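Engineer: no FASTA, just this:
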Ligand SMILES: O=C[C@H](O)COP(=O)(O)O
């Protein structure tokens, strides 16, 4: 995009709410919609939207192998429940997951200098290329928040465009690290620029070092995705991550996505929950609610 296109894109998709208005709106959405979605069928949908995540300093080949084996064991074990959407790991474990995975789910890798994104573009390109070569289906990168906050939008967008080019037809999820962007305006603007730069999904948080997902941030991101869809007919997905640890949290985010974006987004093609602690809890809740 040429220089004026960045500002044009932001003008085309302005934030129409203050932070306070966004909070009131999303609180009302949750209040009026939560109970309708707090049910067995939605829980099963949510389970199928999970990016089952392990991003620990202590992760090892053996641990990730066993982590994957648990997902393999679940496959087909319960005819009523579709397996999780993806396994999400550090890039150096893609090979391990590829070798051990027997279920038909996606392999997602964080890459590009996760979680700070503070490294050379050459390193980001190499890390993504290696993860893809090992078999990753999806790549989760973090925005260059420094460039964004400095309003260096051309460099900001060109970096995402370059990394999307490396991914080709593989899914690129762009982590906004909303806990670092803080304001609704920053979250809206980072969403808009990331989508025009090639993001297939917008993702809230790394879960590392900054506050994770919030209903307000997800609401703002969904509004931006809706506005972008109206302008371009392109559907960009939403991935909620960072501290999503209870079935109730997941239902709240589902409620926001359903209300703002509609049923088209309420599946794992366009809605994911990145989590390291929800999967078993959600399964247990589903079993509890089974008649
Ligand atoms: O998607 C990736 C996140 O790191 C998961 O965050 P969490 O460990 O708070 O569930």
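Structural biologist: Thanks, I have the structure now. What you see is a predicted model; the values in this text were computed from it and never measured. Numbers count the residues shown, from 1 in each chain.

Engineer: Just grab the bridge partners of the residue nearest to the spatial centre of the chain for me.
Structural biologist: Nearest residue to the geometric centre of the chain (C-alpha atoms, centre = their mean): residue 239, 2.5 Å. Note on residue 239: beta-bridge partners residue 203, residue 272, judged by DSSP bridges.

Engineer: give me every residue that touches it.
Structural biologist: 51, 140, 173, 201, 202, 203, 204, 271, 272, 273, 274 (C-beta atoms under 8 Å, 6 or more residues apart in numbering). Placement of C-beta: from N, CA and C, glycine included.

Engineer: so what's it scoring on pLDDT?
Structural biologist: Note for residue 239: predicted pLDDT of 98.

Engineer: now it: how far from residue 168?
Structural biologist: 20 Å (C-beta to C-beta, to the nearest Å).

Engineer: what do you get for residue 282?
Structural biologist: 33 Å.

Engineer: More neighbours: which of these two?
Structural biologist: residue 282 (22 against 8; other C-beta atoms under 10 Å).

Engineer: That one touches residue 43, doesn't it?
Structural biologist: Yes. Between residue 282 and residue 43 there is a contact at 6.2 Å, judged by C-beta atoms under 8 Å.

Engineer: and for these two, which residues touch both?
Structural biologist: Listed as contacting both residue 282 and residue 43 by C-beta under 8 Å, 6+ apart are residue 247.

Engineer: Just give the nearest non-adjacent residue to residue 23, would you?
Structural biologist: Distance criterion C-beta to C-beta, 6 or more residues apart in numbering; nearest residue to residue 23, sequence neighbours excluded, is residue 216 at 5.2 Å.

Engineer: Could you list which residues are in contact with the one you found?
Structural biologist: 19, 22, 23, 26, 184.

Engineer: hang on, the earlier thing: including neighbour count, could the contacts of residue 239 go into CSV?
Structural biologist: Listed next are the contacts of residue 239 as CSV, based on neighbours: other C-beta atoms under 10 Å:
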residue, neighbour count
51, 28
140, 31
173, 28
201, 24
202, 28
203, 29
204, 28
271, 25
272, 29
273, 27
274, 32
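
Engineer: Can you pick out the most distant pair from those?
Structural biologist: The largest separation in the contacts of residue 239, counting by C-beta to C-beta, is between 140 and 271 at 14.9 Å.

Engineer: By proximity to the ligand, which residue of the stretch 101-250 of the chain wins?
Structural biologist: residue 207 (2.7 Å; C-beta to the nearest ligand atom).

Engineer: Chain neighbours aside, what residue packs nearest to that residue?
Structural biologist: Leaving aside its chain neighbours, residue 207 sits nearest to residue 242 (4.1 Å; criterion: C-beta to C-beta, 6+ apart).

Engineer: I figured the one you found hits residue 211, correct?
Structural biologist: Yes. Counting by C-beta under 8 Å, residue 211 is a contact partner of residue 242 at 7.4 Å.

Engineer: Now the common contact residues for those two.
Structural biologist: In terms of C-beta under 8 Å, 6+ apart, residue 242 and residue 211 are both contacted by the residues 179, 205.

Engineer: Pick out whichever of those two has more residues nearby.
Structural biologist: Taking neighbours as other C-beta under 10 Å, residue 242 and residue 211 compare with residue 242 leading, 25 against 16.

Engineer: Spit out the contact partners of the more buried one.
Structural biologist: Residue 242 makes contacts with 179, 204, 205, 206, 207, 210, 211, 212, 213, 274, as judged by C-beta under 8 Å, 6+ apart.

Engineer: Secondary structure class of residue 141, three-state.
Structural biologist: Using DSSP: H, G, I helix; E, B strand; the rest coil, the structure places residue 141 in strand.

Engineer: Then residue 109?
Structural biologist: Put simply, residue 109 is strand when judged by three-state DSSP.

Engineer: where's it relative to residue 137, distance?
Structural biologist: According to C-beta to C-beta, residue 109 stands 9 Å off from residue 137.

Engineer: More neighbours: which of those two?
Structural biologist: Applying other C-beta under 10 Å to residue 109 and residue 137 shows that residue 109 carries more neighbours, namely 29 against 17.

Engineer: Against residue 25, how distant is the more buried one?
Structural biologist: 35 Å.

Engineer: What about residue 267, how many residues nearby?
Structural biologist: Residue 267 has 15 neighbours, counted by other C-beta under 10 Å.
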